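Colleague: I need the structure of the sequence given here:
(chains A and B)
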Amino acid sequence: MIHIVDYDAGNQTSVKRALDHLGVDSVITSDPEDLVRAERIVFPGVGHAHSALETLGKRGLDDALKSAAGQGTPILGICVGCQILLSGSEETDLPCLDLIGGRCLRFRPDDDALKVPHMGWNALKVDRAHPVLRHVRPGDEVYFVHSYYPAPGEERDVLARSRYGVEFAAVIGRRNIVAAQFHVEKSGPVGLKMLGEFARWDGNSC
Amino acid sequence: MLSKRLISCLDVRDGRLVKSVRFVDTKDIGDPVSAARRYYEAGLDELVFYDITASSDQRGIMIDVVEEVARQVFIPFSVGGGLRSVDNCRRVLEAGAEKVNLNTAAVDNPGVISEAADAFGVQAVVLSMDIRAVSAGSVPSGSGSMPSGYEIVTHGGRRATGMDALEWARRGEALGAGEIVVNSIDADGTLEGYELKLTRMIADNVGIPVIASGGGGRPEHLYDALTEGGADAALVASMLHYGHYSVDSIKQHLHDRGLKIRMTD
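Modeller: Here you go, the predicted model:
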C-alpha cells in the first residue's frame, strides 16, 4: 500500500490514477499519523514551494515526512515534492525539509529562446544505477513543468540529469528517498515504469 | 533541449468526438476516450479537448470524459470550451486535466486569465486565440484598427472583436497565460499548411510557448510551423483523426529532418 501525501498540491489524484492503472494499491491522505505508519510514500506536488511548505507545516505533514524518512520508509518525491526535500530553495525563505543536502535554483538561461518555465518533454541521462530507474534507457524523455531545479550539495545524490541551458539534476536520491523533478505520472510509459519499480523498491539504493 | 511537441485536438460535443471543418459542418468520428488512448499509446505528446457542447446542462458529460481520459492516458492534456470562471476551470483540473484553454471567456473578461493563473499557476493556463487576417484594403470587421493585420474573432470566426491579435497575445502573457495557441481561422480545415507569418509574428513577440494551430495537413506543414513559424508545438486534428497520417509517421518525418522530437517504441 502506498500513501500519497495530500497537501492541496494538485496532482495527488493523477498520481493515484497512474498507480491504479498499474494495479498498485494506494490511498490519498493528509493525516500525519498515516505517513508515520506508511509502508511507502509518494510525495507529489505542483505549484509553489512556499505555499507547499506552509500547508505541510499547518497539517504537521513536514514532521511526519521527516519521521518516515528517518525510519527508512521508501519515499518518492515528484516535482515540488522533490524540490522541498532539499535544505532550501531560491523560491522561498522558509527552510525546506533538509532530507537531502542542497538547494533549488531558478533557471536563468542566457539564451532568450529558452523560456521559463521549462515545460515539455526532455531527455534523461542516468548517472547512477538505481532500482527505480532500472527501465530508463539513454534518451528516454519525460514531462517537465518547472522554473526551479534541484541542485544537491553532493554529487552522489544526483541519479539522473537533464539539460536546459544548464545541466541539472532531474532525479535525486539518498538512502530510502528518491525524487524526480519531472511529472512521473504524466511521462507516459517511462514514468509508469518508474512508478511500478518504486512500488516494489525495498528502500535500498544499491 | 526541449523536444518540439505534437499535440492533437479532439473536439467533443455531447461526449462524442467531432471535427469541425471550417467550423461549419461537423461530423461524428467517434469516442473521445478511445481516440485519446490510441494517440497516447502511439506516442503523442499532449492532447487538447475542446468542448463544443451547445447547452450548458450537458456540460457534466465533459467532466465524465475528462475523468475517464485521466484514468487511461498518462500524458498532459488540456480542456477548453465553455470555461467561464475559475470554478469551471477547477472542475476540469480536478477531473484530471493539467491545463485549461481559455478563449472566448478571456476575450469577454480578460481578468479570468489572471484569476486562473493565480489559482493554478501560469503553467495551467493556455490562452487560445482564434485569429483572422484583415484583408488588404478592407475595413476591419470589428471596431478599431489592426496594426498587426490580424484580428481576434470568436464564435468560430463569425464574430469579430476589434482586438488586434498581437496586442492580445502580449496582454494575455502579461495577465498570466503560460502558453498561447495561435489558431488561424483562415487556414483551419484547409489542410494546406499553418499560417506561418502569423505564427512567427506572435512567437517573436511573446516569451511563452506558442502552439501553431489550423491548417496542418501534411508532416511538412508541421516542420514549417516548428521552424519558420517559430512554434514550440503544432496542433493537428483531421490529419490524424481521418487516418491519413499516424503519430509515428509525422514524428518520424520531423525527426528525420533534424528536429528534436520525443520518439517512442
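Colleague: Point out the residues in the stretch 1-150 of chain B that sit beside chain A.
Modeller: By CB under 8 Å from any CB of the partner chain, the residues of the stretch 1-150 of chain B that approach chain A are B:1-3, B:5, B:40, B:43, B:45, B:70-72, B:74-76, B:93-94, B:96, B:98, B:120-123. (C-beta placed from N, C-alpha, C; glycine too.)
Colleague: The same query, at a cut-off of 10 Å, please.
Modeller: Residues of the stretch 1-150 of chain B lying near chain A by CB under 10 Å from any CB of the partner chain: B:1-6, B:40-41, B:43-46, B:67, B:70-77, B:93-99, B:119-124.
Colleague: Would you list the buried entries among those?
Modeller: Neighbour-count burial (16 or more other CB atoms under 10 Å in any protein chain shown) applied to these gives B:2-6, B:40, B:43-46, B:67, B:70, B:73-77, B:93, B:95-99, B:120-124.
Colleague: Among the residues you listed, which are located in helices?
Modeller: Among those, the members falling in helices (DSSP state H) are B:40, B:67, B:70, B:93, B:95, B:120.
Colleague: Tell me how many other residues crowd B:E68.
Modeller: 19 (other CB atoms under 10 Å in any protein chain shown).
Colleague: what is B:S184 paired to in the beta sheet?
Modeller: Beta bridges link B:S184 to B:I131, judged by DSSP bridges.
Colleague: Please name the nearest non-neighbouring residue to B:L226.
Modeller: Closest residue to B:L226 apart from its sequence neighbours, by CB to CB, 6 or more residues apart in numbering or on different chains: B:K4 at 4.8 Å.
Colleague: In contact with the one you found, which residues?
Modeller: By CB atoms under 10 Å, 6 or more residues apart in numbering or on different chains, the residues touching B:K4 are A:120-121, B:45, B:222-223, B:225-227, B:231-234, B:251, B:254-255, B:259-262.
Colleague: A:G70: which element?
Modeller: Under the criterion DSSP states H and E, the helix or strand holding A:G70 is helix A:61-71.
Colleague: Using PDB, list the CA coordinates for that helix.
Modeller: C-alpha atoms of helix A:61-71 as PDB (Å, rounded to 0.1, in the frame of the first residue of the first chain):
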ATOM      1  CA  LEU A  61       3.000  16.700   7.500                       C
ATOM      2  CA  ASP A  62       6.500  18.100   7.400                       C
ATOM      3  CA  ASP A  63       7.500  16.400  10.700                       C
ATOM      4  CA  ALA A  64       5.700  13.200   9.700                       C
ATOM      5  CA  LEU A  65       7.600  13.000   6.400                       C
ATOM      6  CA  LYS A  66      10.900  13.500   8.300                       C
ATOM      7  CA  SER A  67       9.900  10.700  10.800                       C
ATOM      8  CA  ALA A  68       9.100   8.400   7.900                       C
ATOM      9  CA  ALA A  69      12.300   9.200   6.200                       C
ATOM     10  CA  GLY A  70      14.200   8.500   9.400                       C
ATOM     11  CA  GLN A  71      12.500   5.100   9.800                       C
END
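Colleague: That one: what's the following helix or strand?
Modeller: strand A:75-78.
Colleague: Pull up the pairing partners for that next one, direction included.
Modeller: Here, using DSSP bridges, strand A:75-78 pairs with strand A:41-43 (parallel), strand A:177-180 (parallel).
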